[in-house]
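S.K.: Quick check, what structure comes out for this input:
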Amino acid sequence: MENDWRLNGQEDYLINVSLKYTRYVSSKTNEHEHCIFCWHKFMEDCTDVIDCSIFGYLTLDNKYWICDKCFEDFKELFKWDIVK
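M.R.: As a prediction, the model looks like this:
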């Protein structure tokens, strides 16, 4: 896992953080976001978009999104806590 191309220093700010599984909602300035690991796209409507999700894991400060695959791959390494 240490040589995974998706790991680029996220351990500096994502170890032991709490995450919530939530629906993406666009804002006036952002119509989409990306997974902090693999750049997977999050949008409100993924109908015409390849490699896109409506739901994902989000840090409680609403800063970093994590897709389902990266969450599963890195949950033990990063020791995330899930908040309901």
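S.K.: which intervals of the chain have sub-threshold pLDDT?
M.R.: In the predicted model, the chain carries pLDDT under 70 at residues 1-2.
S.K.: center of it, which residue is that?
M.R.: The residue lying closest to the centre of the chain (Cα atoms, centre = their mean) is residue 66, at 1.2 Å.
S.K.: Look up the closest residue to that one, ignoring the ones flanking it.
M.R.: residue 57 (4.2 Å; Cβ to Cβ, 6 or more residues apart in numbering). Any C-beta I mention is one placed from the backbone N, CA and C, and that applies to glycine too.
S.K.: Mind telling me what element that neighbour is part of?
M.R.: According to DSSP states H and E, residue 57 maps onto strand 55-59.
S.K.: tell me which residues of that strand are tucked away?
M.R.: The neighbour-count check on strand 55-59 (16 or more other Cβ atoms under 10 Å) flags 56, 57, 58, 59 as buried.
S.K.: And stretch 32-45, by the same measure?
M.R.: Those buried within stretch 32-45 under the rule 16+ other Cβ under 10 Å are 33, 35, 36, 37, 40, 41, 42, 43.
S.K.: Pick out the most distant pair among those residues.
M.R.: 37 and 43 (17.6 Å; Cβ to Cβ).
S.K.: check contacts around residue 19.
M.R.: Residues near residue 19 by Cβ atoms under 8 Å, 6 or more residues apart in numbering: 57, 58, 59, 60, 66, 71, 80, 81, 82, 83.
S.K.: beta partners for residue 42?
M.R.: When assigned by DSSP bridges, residue 42 has beta-bridge partners residue 33, residue 53.
S.K.: I'd guessed it sits against residue 24; true?
M.R.: Yes. At 4.1 Å, residue 42 counts as touching residue 24 under the criterion of Cβ atoms under 8 Å.
S.K.: Are there residues contacting both of those two? Which ones?
M.R.: Shared contacts of residue 42 and residue 24, counting by Cβ under 8 Å, 6+ apart, come down to 32, 33, 53, 54, 56, 65.
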